[in-house]
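# generate coordinates for the sequence data below:
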Amino acid sequence: MMDTPKWRIEWDVAPESIWETRQRNLYPDQASIQNEALKVVLQNPSTICAAAIIRDEIIGCISVMNESYMEFQLRIRWLGVDMAWRGKGIGLTLVQRAQEYALSRKVGIWCNVRMKAIPLYKRLSFDIQGGPFDIEEIGPHVRMIWRAD
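So this is what the prediction gives:
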């Protein structure tokens, strides 16, 4: 019986380094063009990205940036984990690292969450804000919020 290799989280990686992981997990049916989403992340100097890595392969990602919504100052974007690695706590750990970062700054977090990811965020004390809405070419989402207090 082989041991499952251990993954690790690297914080403050370049957004370009997680682009491919983001693309294959969040937009597998769309052509990989460096679209508006990458531009928004690259142009925001506050953006911090993290990668979940096993051996030297990135298998998960998240980005956090200053972008205010109501009293919430940080926004999570690009949370994605490769299918083969889902259910092993990687996505949970990536969001927890974002929460630790928010706590260190004493600010809350908001994010637009796909319906299938709601249980993960609820486990980490995020609340749904408002009703479902559709993002063109992506599908139904809800806005979720988390207070740092």
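
# tell me the spacing between the closest residue to I118 other than its chain neighbours and D12.
Closest residue to I118 in three dimensions, ignoring its sequence neighbours and counting by CB to CB, 6 or more residues apart in numbering: V142, at 6.5 Å. In this view, the C-beta of every residue, glycine as well, is placed from N, C-alpha and C. Going from V142 to D12 by CB to CB, to the nearest Å gives 28 Å.

# neighbour-wise, which of these two wins?
The neighbour count for V142 versus D12, taken as other CB atoms under 10 Å, is higher for V142 (20 against 10).

# can you show me the CA trace of the helix or strand hosting the more buried one as CSV?
Using DSSP states H and E, the element containing V142 is strand 139-146. The C-alpha coordinates for strand 139-146 follow below in CSV (Å, rounded to 0.1, in the frame of the first residue of the first chain):
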residue,chain,number,x,y,z
GLY,A,139,-24.1,29.6,-13.7
PRO,A,140,-25.9,30.2,-10.4
HIS,A,141,-24.1,31.7,-7.4
VAL,A,142,-24.8,33.2,-4.0
ARG,A,143,-22.9,36.0,-2.2
MET,A,144,-21.5,34.8,1.1
ILE,A,145,-20.0,36.9,3.9
TRP,A,146,-17.7,36.2,6.9
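
# strands paired with that strand, and their directions?
Sheet pairing of strand 139-146 (DSSP bridges) gives strand 108-114 (antiparallel), strand 127-135 (antiparallel).

# and the first one, how far from the chain's centre?
Put plainly, it is strand 108-114. 9 Å (CA atoms, centre = their mean, to the nearest Å).

# what of stretch 82-99?
For stretch 82-99 - counting by CA atoms, centre = their mean - the centre lies 9 Å from the chain centre.

# what sits up against it?
7, 9, 11, 21, 24-25, 50, 52, 54, 59-62, 64, 74, 76, 79-81, 109, 117, 120-121, 123-124, 146, 148 (CB atoms under 8 Å, 6 or more residues apart in numbering).

# mean confidence for the longest strand anywhere in the chain?
In the chain, taking DSSP state E as the definition, the longest strand is strand 57-69. The pLDDT scores in strand 57-69 average 96.
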